[in-house]
Structures are given as C-alpha cells and as structure tokens.
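> only geometry, no sequence info:
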C-alpha cells in the first residue's frame with residue numbers, strides 16, 4: 001500500500017522507547033541493541049497478521065541484524081494435556097556472552113488519564129480497556145512462570161537449555177498520549193520519552209479549535225510510525241463523519257493532525 005512500509009514499521013518500532021529503564025515492577029527491561037539501518041534490509045511481513053504478531057516479526061529481524069543476538073526459539077506453545085496454557089515469545093542467545101534469555105515482547109498504546117490518582121494506573125488503552133497494570137500482572141504471574149511449566153521442560157531440554165540459567169526480561173515498548181493541553185501530569189517511574197501525542201474526547205474534537213487543521217486517519221499498523229506528510233490529508237469537515245462512525249462503534253481512532261504551521265501531531269479521539 002505504501003512505499004517501503006516494512007522499513008517504516010521497523011524504524012517506528014526501533015524508535016519507540018521502552019516504558020521503563022532497567023528494572024521496575026520486578027521486571028527487567030530488555031536493552032535493545034543498536035541497529036545500523038543503512039545496512040538493514042527488512043523482509044516482507046504478512047499483512048494479515050495482527051499488529052502484535054507483526055511487531056514480533058520486526059523484533060526478530062532487528063535483533064538478528066544486530067549481530068549480538070540469535071533466536072533459539074519463538075512462539076513456543078505450552079500445553080497441559082489438550083489444554084493450551086500459553087506460549088513463550090522468544091528464547092534468545094547473546095552471541096557475545098552466550099547467555100540465554102526468555103524475552104516477552106509487548107508493544108502498547110496507552111492514554112494517560114489524569115482522573116486516576118495512581119500514576120501507573122493512569123495508563124489505559126484508547127478504548128478504555130487493556131490497562132497497563134493488567135498487562136504487567138499477566139506478565140509477572142502468567143507469562144514468566146510458563147518457562148518453568150512441566151510441559152515445557154522436554155522441549156527446552158531438546159534445545160539444550162538449562163532452565164536455571166535462563167534470564168527473563170521484557171521488551172516492553174509503548175507510546176503514551178497525554179490529555180490535550182499543557183497541564184503536566186506525573187507518570188511516576190515510567191519513561192517520559194514514551195510520550196508521543198495527545199488525546200481528546202469527541203465533543204472537544206468537534207469544536208472550532210480543531211477545524212483549521214487537516215487530518216489523516218492511519219490504519220492500525222501506521223500507529224507505530226512517526227507521522228509523515230506523504231499521506232492524503234483531509235479537512236475537519238471531511239474527517240468528522242468517519243470519526244462519528246468510530247464513536248458509534250465504540251472505537252477510538254488515531255489521527256495525524258497537520259496544523260496550519262505544518263507541524264504534525266498524533267491525536268487519539270476517544271469514544272468514552
């Protein structure tokens with residue numbers, strides 16, 4: 001659909017900051033390797049995959065190109081009898097230290113809701129679901145413990161992996177969106193570099209203040225990338241009906257808003 005979209009996705013993923021640095025919430029953040037994009041040639045990604053699975057493809061391609069990491073296994077299914085209890089995202093080997101890592105990959109879009117007091121509880125998905133703390137709880141209590149499931153021990157032994165020596169980390173990248181306006185909001189131990197845009201409710205979007213800008217509605221995988229001028233932007237009046245349809249479906253679209261001075265911002269219009 002767009003020229004070099006795989007490259008745009010890779011750049012967007014790479015330049016998305018980790019939601020925290022080092023260790024927070026009893027979870028160690030994966031330190032992403034430096035990538036020489038002048039030498040990086042992405043392979044085609046199946047466009048039918050959900051965005052999360054596309055991000056897994058991008059992650060694997062990027063770390064493999066770094067020369068420091070080797071993928072031992074990915075998407076390892078964990079079954080107990082006929083019941084699937086989960087899967088491990090990646091088992092990686094650091095080619096310098098030969099250490100083995102279990103990495104869980106998370107890529108999220110969160111709005112910051114100032115109506116909630118606790119800074120880490122303020123992060124929720126644009127559709128008023130998919131809270132950060134819920135994902136963090138799942139990561140710590142379900143996904144990481146899967147490494148030690150009895151049903152997995154045989155698979156890991158065949159791969160020559162000593163479970164007791166495996167290090168567990170999360171590659172947890174996120175884009176954060178603040179309420180429209182200039183009021184500073186505390187996000188506590190989280191990485192402020194993750195703040196990339198703003199959010200508003202529909203009634204606010206449908207006011208005079210927003211009618212002089214132009215808008216592009218990116219498809220979901222374009223949410224990952226930085227806004228660019230090489231798309232077809234429409235007026236507020238032309239964009240409004242599509243936003244209204246999203247509101248009726250209880251879906252919160254992302255917009256790229258091009259202001260009169262030429263600057264482009266990411267903006268979520270939330271339905272709730």
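Ah, there it is. Just so it is clear, the model here is predicted, and its values are computed rather than measured.

> hey, let's count contacts and neighbours off CA atoms from now on
Noted.

> for the residue nearest to residue 124 when sequence neighbours are not counted, what are its contacts?
Distances taken as Cα to Cα, 6 or more residues apart in numbering put residue 131 closest to residue 124, at 4.2 Å, once the chain neighbours are dropped. For residue 131, the contacting residues are 110, 121, 123-125, by Cα atoms under 8 Å, 6 or more residues apart in numbering.

> Give me the lowest-pLDDT entry from those residues.
Of all these, residue 121 has the smallest pLDDT value, namely 92.

> How about the secondary structure of that one?
When classified by DSSP: H, G, I helix; E, B strand; the rest coil, residue 121 comes out as helix.

> Give me the contact list for the helix or strand of the chain with the lowest mean pLDDT.
Scoring the helices and strands of the chain by mean pLDDT, DSSP states H and E places helix 150-158 at the bottom, with a mean of 90. Under the contact criterion Cα under 8 Å, 6+ apart, helix 150-158 has outside partners 78-80, 146, 162-163.

> Looking at those residues, spot the one nearest residue 47.
Nearest to residue 47 among the contacts of helix 150-158 is residue 78, at 26.1 Å by Cα to Cα.

> partners of the closest one in the sheet?
Using DSSP bridges, the beta-bridge partners of residue 78 come out as residue 86.

> how much space between it and residue 57?
Plainly put, residue 78 is 20 Å away from residue 57 if you go by Cα to Cα, to the nearest Å.

> now do the same end-to-end measure for stretch 123-133.
8 Å.

> same check, this time on stretch 209-223
24 Å.

> who touches the residue positioned nearest the centre of the chain in this structure?
The residue lying closest to the centre of the chain (Cα atoms, centre = their mean) is residue 107, at 2.1 Å. By Cα under 8 Å, 6+ apart, the residues touching residue 107 are 52, 55, 172-174.

> And the strands in the stretch 51-200 of the chain?
In the stretch 51-200 of the chain, the strands defined using DSSP state E, counting those that start in this stretch lie at 69-80, 83-94, 100-112, 123-124, 167-179, 195-201.

> Quick check: which helices or strands does the fifth one pack against?
Secondary structure elements in contact with strand 167-179, counted by 3 or more Cα pairs under 8 Å, 6 or more residues apart in numbering; DSSP states H and E, are strand 27-28, strand 100-112, strand 195-201.

> before we move on, what about the second one?
Secondary-structure packing of strand 83-94 (3+ Cα pairs under 8 Å, 6+ apart): strand 69-80, strand 100-112.

> ok, now which ones touch the residue nearest to residue 144 when sequence neighbours are not counted?
Nearest residue to residue 144 in three dimensions, chain neighbours excluded: residue 168, at 7.1 Å (Cα to Cα, 6+ apart). Contacts for residue 168 (Cα under 8 Å, 6+ apart) come out as 28, 101-103, 144.

> Could you measure from residue 168 over to residue 26?
Distance from residue 168 to residue 26, by Cα to Cα: 11 Å.

> What distance do you get for residue 207 to residue 236?
Relative to residue 236, and taking Cα to Cα, residue 207 is found at 10 Å.

> Repeat that for residue 5.
26 Å.

> So between the two, which is more surrounded?
Counted by other Cα atoms under 10 Å, residue 5 and residue 236 do not tie: residue 236 has more neighbours, with 21 against 16.

> okay but the more buried one is in contact with residue 216, surely?
No - counting by Cα atoms under 8 Å, residue 216 is not a contact partner of residue 236; they are 9.8 Å apart.

> burial of residue 230, as a residue count?
7.

> Ok, the one 4 residues further on next?
Counted with other Cα under 10 Å, the neighbours of residue 234 add up to 16.
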